[in-house]
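[1] give me coordinates for this.
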Amino acid sequence: MEIGVLELSRLQFAATALFHFLFVPLTLGLSIIVAIMETVYVMTERPIWRQMTKFWGALFGINFAIGVATGVTMEFQFGMNWSYYSHYVGDIFGAPLALEGLMAFFMEATFVGLWFFGWDKLSARAHLLVAWLVAIGTNFSALWILIANGWMQYPVGAEFNPVTMRMELVSFAEVIFNPVAQAKFVHTVSAGYVTASVFVLGVSAWYLLKRRHVELARRSIAIASAFGLASTLSVVVLGDESGYDTGLNQKMKMAAIEAMWETEPAPASFTLLGIPDKEARETHYAIHIPYAMGLIGTRSLQQEIPGIADLEKEGERRIRDGLIAYDLLMRIQDSKPQVDPVLLAEFHQHSQDLGYALLLMRYVDDPRQASEQQILQAAADTIPPVWPVFWAFRIMVGLGMSLILVTGYFFWRASFRQMDFPRWALWLAVIVIPAPWIAIEMGWIVAELGRQPWTVDGVLPTAMSVSALGITEVALTLAGFCIFYSVLFVIEISLMLKYIRKGPHEEVEETERWMARHRARLAAEVTK
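    Sure thing, here's the model as predicted:
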């Protein structure tokens, strides 16, 4: 495959997005866990909970700072590498991003400072309020980002203006309450809670293996296992809802996830494993679970699920209808400034398929001049890369299910076995620390690669969205980002490992043990 500006721009955005999302889920989850620990401290006034709050809060702060540094550069790419996208849909996409900066980012940044420097300046209850405001602000930030991304997956509340040649916002409420965006938000945030829970669980297990900071580790495992089990279960439920929305609104993505080449009659089965073959249009050695796909994708056992072949034909039909819309659009442009209302009315009858005609601009400057072969090629382009989407989904689900078992086991041992953890289980907790990150990255591959060839599904092709840059410029910025992010990654890992090795202050745990012995002596004296 020839590497051009489009491919390099996509690679750059993918690299920066996947790297940035190494930090986001841990930030989301640790903010809540730290707030829970501080709540316990304020309620009990026990020094160990204050020390736990400070220790995990320090790790949260390191991750938060690196996450901010990696996130800021992403937004600049919309103007740098994707200028036509910004021009075409900036009225809609820009609004959630602006609100994320004004309502969420400044909120969390302000209260993060108060939290770190306000321990001796604020009352215990005021400091606890700040902790929860940090957590709310962090999660609120994710909400606006995912509303923007959800609109790209399922564009609602906007219309194309044939006079200005841009998408324009008609209902901000529809954008906010977009069902795809809402499902993505709760699913993604829950995945972040799982990530933080597994991280706390793994680090605490390492302390127990080394017989260090035992009291902190045991209490942290109790919090992380309970929070993690609830979060992993919610990820499954919310992931099912996300799958249902995909089946309704992104049928080609659903077919690619399943490597479903032909329409599956009801009740559709779920392909557990297999080897997708795009050339042969079949999945070799497929293992099916009867009825499961029908329940996930349609919530019924009576509705068929369209396959890739039929959806490709549907794409061809929409391309031909879109050509009518494109011809009318050009006639409207030629008639400016006096636009014929008859032309406008006729355009609106076909405007929903205009984006499909724009797929042809990858092959020809004027879609109306496209050959039959180019139309068929554009229809074939509506099929996303099946193999990576198929396997990324199954890796994500498999890791998610395994984390339910891990967090469930530790919750059981912490709650009903007096926190007695076998060494093999503690080592398992350490080993699985990377698992939620891998699952989350796989989830983003499914969401974003499964949307191709669209930047905005059904509206704007990715090939049209890219800026008019030279290949050298994009290659240099890609190399610069890779070097910069690699340095940040080394800094992040070094700081996290340094603070984990250092651990909390020993004197707090000594004080806690002294208080426990003192209470035991008092109880013994009272008994006598």
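
[2] what's the closest non-adjacent residue to the most centrally placed residue in the chain?
    Nearest residue to the geometric centre of the chain (CA atoms, centre = their mean): residue 188, 4.9 Å. Spatial nearest neighbour of residue 188, chain neighbours left out: residue 146 (6.0 Å); criterion: CB to CB, 6 or more residues apart in numbering. Bear in mind the C-beta positions are built from the backbone N, C-alpha and C, glycine included.

[3] if I look at that neighbour, how far off is residue 122?
    The gap separating residue 146 from residue 122 is 32 Å, by CB to CB, to the nearest Å.

[4] so for those two, which residue has more residues nearby?
    residue 146 (24 against 15; other CB atoms under 10 Å).

[5] I'd assumed residue 183 was in contact with the more buried one.
    No: applying CB atoms under 8 Å as the test, residue 146 and residue 183 come out as separate, 9.3 Å apart.

[6] tell me if I'm right that residue 402 and residue 439 touch.
    No: at 9.2 Å, residue 402 does not count as touching residue 439 under the criterion of CB under 8 Å.

[7] more crowded one of the two?
    residue 439 (25 against 14).

[8] what sits against the more buried one?
    Residue 439 makes contacts with 191, 395-396, 399-400, 403, as judged by CB atoms under 8 Å, 6 or more residues apart in numbering.

[9] can you tell me which of these are in helices?
    Residues of the contacts of residue 439 located in helices (DSSP state H): 191, 395-396, 399-400, 403.

[10] check contacts around residue 356.
    Applying CB under 8 Å, 6+ apart, the residues near residue 356 are 315, 318-319, 321-322, 378, 382, 458.

[11] now it: phi and psi?
    Backbone torsions for residue 356, taken as degrees, to the nearest 10, come to phi -70, psi -40.

[12] quick one: it from residue 315, how far?
    Per CB to CB, residue 356 is found 7 Å from residue 315.

[13] what is in contact with the two at once?
    378, 382.

[14] strands along the stretch 401-528 of the chain, start to end?
    Assigned by DSSP state E, counting those that start in this stretch, the strands in the stretch 401-528 of the chain fall at 454-456, 460-461.

[15] oh, that last question was meant for the chain, not what I typed.
    Taking DSSP state E, the strands of the chain run over residues 158-161, 166-169, 270-277, 282-289, 454-456, 460-461.

[16] and these: which comes nearest residue 430?
    strand 270-277 (28.4 Å; CB to CB).

[17] tabulate the strands of the stretch 401-528 of the chain (a markdown table), appending distance to residue 342, mean pLDDT and mean neighbour count.
    Supplementary listing: the strands of the stretch 401-528 of the chain in a markdown table, determined by distance: least, CB to CB, whole Å; pLDDT from 0 to 100; neighbours: other CB atoms under 10 Å:
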| stretch | distance to residue 342 | mean pLDDT | mean neighbour count |
| --- | --- | --- | --- |
| strand 454-456 | 28 | 93 | 24 |
| strand 460-461 | 27 | 94 | 23 |
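
[18] let's have the ones you listed in TSV, adding distance to residue 161.
    Shown next, in TSV, are these (distance: least, CB to CB, whole Å):
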stretch	distance to residue 161
strand 454-456	15
strand 460-461	14
